[in-house]
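Chemist: My questions are about this predicted structure, shown below with the sequence.
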Amino acid sequence: MSSIILSIHVIIAVVLIVLILVQHGKGADAGAAFGSGASSTVFGSQGSASFLTRLTAGLATAFFLTSLALAYTTKTSTSGKDDIDIPAQVEQVIPKEAPAADLGDKPALPAEAGQDKPVIPE
């Protein structure tokens, strides 16, 4: 159920973004008053503003309703679970020390400053 509401919610959000970007700002009305071609639009000179405004308001209301529905379904689906699923603790395995390398008759010298490995005389 929540996946259906989430899908509708995302679609409404995308349509709202497009509608808001398509609408003219308040500054565009001054240019339209001097005959900038607004009368030749599909909705007429004043029709598109009220139509797009009402459509945006309706979609914004639907967006808020789907937000509340998502919050409600999430709360009711998780309220029955009291404990959180925590995986069993994994034991840490400490590796045994590796056997000492056979150096033959020559003992290894301690590492000099700046070296990571012991120096083996030749």
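Modeler: Looks like it arrived, so ask away.

Chemist: show me what contacts the closest residue to Ala13 other than its chain neighbours?
Modeler: Using CB to CB, 6 or more residues apart in numbering and skipping residues adjacent in sequence, the residue nearest Ala13 is Phe63, 6.4 Å away. C-beta here means a position set from N, CA and C on the backbone, and glycine is covered the same way. Taking CB atoms under 8 Å, 6 or more residues apart in numbering, we find Phe63 in contact with His9, Ile12, Ala13, Leu16.

Chemist: quick one: low-confidence parts of this structure?
Modeler: 26-49, 78-93, 95, 98-122 (pLDDT under 70).

Chemist: for it, longest helix please?
Modeler: helix 44-78 (DSSP state H).

Chemist: buried set for that helix?
Modeler: Ser48, Ala49, Leu52, Thr56, Leu59, Ala62, Phe63, Thr66, Ala69, Thr73 (16 or more other CB atoms under 10 Å).

Chemist: How about stretch 8-27?
Modeler: In stretch 8-27, counting by 16+ other CB under 10 Å, buried: Ile8, His9, Ile12, Leu16.

Chemist: tell me the contacts of the second one?
Modeler: If I follow you right, that is His9. Contacts of His9 (CB under 8 Å, 6+ apart): Phe63, Thr66, Ser67, Leu70.

Chemist: how about 10 Å then?
Modeler: Ser2, Ala62, Phe63, Leu65, Thr66, Ser67, Ala69, Leu70 (CB atoms under 10 Å, 6 or more residues apart in numbering).

Chemist: Then the first one?
Modeler: Each residue near Ile8 by CB under 10 Å, 6+ apart is listed here: Ala62, Phe63, Leu65, Thr66, Ala69, Leu70.

Chemist: repeat for the third one
Modeler: Taking CB under 10 Å, 6+ apart, we find Ile12 in contact with Gly58, Leu59, Ala60, Thr61, Ala62, Phe63, Phe64, Leu65, Thr66, Ser67.
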